[in-house]
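[1] Build me a structure from this.
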Amino acid sequence: MTNRKTNIVTEGFMRRKIRYMTVIITLAVLTLILCISQLYLGNTRYSLEVMIRVLLGEDIKGATFAIKTLRLPRMLSGLLAGMAFGMAGNTFQTMLRNPLASPDIIGVTSGSSVAAVFCILVLNVSGNIVSVAAVAAGLTVAFLIYVLSRGGSFSGGRLILIGIGIQAMLNAVISYLLLRANQYDVPAALRWLSGSLNGMQMKDIPGLFIAVLVFGCALIVLGRHLKVLELGEQSAITLGLRTDRTRMLLVLCAVFLIAYATAVTGPIACVAFLAGPIAARLAGAGYSNILPAGLTGAAMVLLADVIGQYAFDIRFPVGIITGILGAPYLLYLLIRMNRTGGTA
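    Take a look at the predicted model:
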């Protein structure tokens, strides 16, 4: 009898592991296909051989400029920003045990947006200064939300409500800055606010790559603690987890990711909101969802950019397409929560 129970547990473990690895591989292959599509599609289409030769450093007239200067930075920024949004969004949602606890809903992204818009419209600066300001503002807003939500003890529901309130206030600040700005500067700020991969340059990629590498890997390492936090505050403490320290590390890593990605591409709507739930449905329970969520976010951004650029007569920024995908899910989630009276 004992051996039979052991075999059932072992078989269940293996099924979950096979499913998890299958999802990871499938998402990785899909993301690779979308990356190749980004390099291939355009006014002039080049063969796979030409693309490889250009990427290896060969100078081919026309192809080098189109692939290395225009398409490669766009593809890499979409890939890295999508991973950052996906991993950060899943971290907040899992830690707070609520699908509404996405950085673009609880105000963290809006904090970075206010700083970036202020730099663009008021200070007339761009580049690294915008990135530093966006990261600093995102961290400040996240810290403010965390402190205000503590009260006697930490409450995920209180954090979400405070975050939504702060987001509304920050969106009002953005609207004020747009109204007071020079009319010639407003279009650039609006394009950035819509979330766009247009105008990406290779100089934007190294910082984003380092941020995703460092803080993304940190989140993957902390993933096992995240699964313990998902059990609830009291259960996590009983299991010996230092909840405050662990939660602070998770928040710092997630905020750095979301703030830096927002500084580079703008606030691409709903990727952080959707990537985690989609990845959780695909991968199932039992393993950390950080990596699947990152790959899902990358695939979402790349696919949405392909659709926005080539599926219509007018080219749309990637954030418009992801926003269209995310709005119905948000309505569905709110309706379901209203019917069940729960948080999910």
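
[2] quick one, helices of the stretch 101-250 of the chain?
    Using DSSP state H, counting those that start in this stretch, the helices of the stretch 101-250 of the chain run over 108-118, 128-150, 156-180, 186-193, 205-221, 223-229, 233-238, 243-265.

[3] For those, which has the smallest mean pLDDT value?
    Among these, helix 233-238 carries the lowest mean pLDDT, at a mean of 69.

[4] Deepest-packed of the helices of the stretch 101-250 of the chain, please.
    helix 108-118 (a mean of 28; mean count of other C-beta atoms under 10 Å). (C-beta placed from N, C-alpha, C; glycine too.)

[5] Okay, angle between that helix and helix 186-193 too, please.
    Helix 108-118 and helix 186-193 are oriented at 160 degrees to each other (axes from the mean of the first three to the mean of the last three C-alpha atoms, to 10 degrees).

[6] Helix 108-118 vs helix 156-180, what angle?
    20 degrees.

[7] what packs against helix 108-118?
    helix 128-150, helix 156-180, helix 186-193, helix 243-265 (3 or more C-beta pairs under 8 Å, 6 or more residues apart in numbering; DSSP states H and E).

[8] Which strand or helix spans the residue nearest the centre of the chain?
    Centroid check for the chain by C-alpha atoms, centre = their mean gives residue 85 as the closest residue, at 0.6 Å. Using DSSP states H and E, residue 85 sits within helix 72-96.

[9] can you tell which of the helices of the stretch 101-250 of the chain is closest to residue 94?
    Closest to residue 94 of those is helix 223-229 (C-beta to C-beta; 5.4 Å).

[10] pLDDT value on the nearest residue to residue 315 once chain neighbours are set aside, please?
    In this structure, residue 315 finds its nearest non-sequential neighbour in residue 309, 5.3 Å apart by C-beta to C-beta, 6 or more residues apart in numbering. At residue 309, the predicted lDDT confidence score is 88.

[11] In contact with residue 309, which residues are there?
    With contact set as C-beta atoms under 8 Å, 6 or more residues apart in numbering, residue 309 has these partners: 41, 315-316.

[12] and of those residues, the nearest to residue 150?
    Nearest to residue 150, judged by C-beta to C-beta, of the contacts of residue 309 is residue 316 at 40.9 Å.

[13] Could you measure from the closest one over to residue 77?
    17 Å (C-beta to C-beta, to the nearest Å).

[14] tell me which element the residue lying closest to residue 285 once chain neighbours are set aside falls in.
    Spatial nearest neighbour of residue 285, excluding adjacent residues (C-beta to C-beta, 6+ apart): residue 16 at 7.2 Å. Under the criterion of DSSP H and E, residue 16 resides in helix 2-40.

[15] Against which helices or strands is that helix packed?
    Counting by 3+ C-beta pairs under 8 Å, 6+ apart, helix 2-40 packs on helix 48-55, helix 72-96, helix 271-283, helix 290-310.

[16] Now find how far off-centre the second one is within its chain.
    Using C-alpha atoms, centre = their mean, to the nearest Å, the mean C-alpha position of helix 72-96 is found 3 Å from that of the whole chain.

[17] Please apply the same query to stretch 182-189.
    Taking mean C-alpha positions (C-alpha atoms, centre = their mean), stretch 182-189 and its chain are 26 Å apart.

[18] Repeat that for stretch 254-266.
    8 Å.

[19] now swap in stretch 315-328 and tell me
    14 Å.

[20] what does it contact?
    Stretch 315-328 has contacts (C-beta under 8 Å, 6+ apart) with 78, 191, 194-198, 265-271, 273-274, 300-301, 304-305, 307-309.
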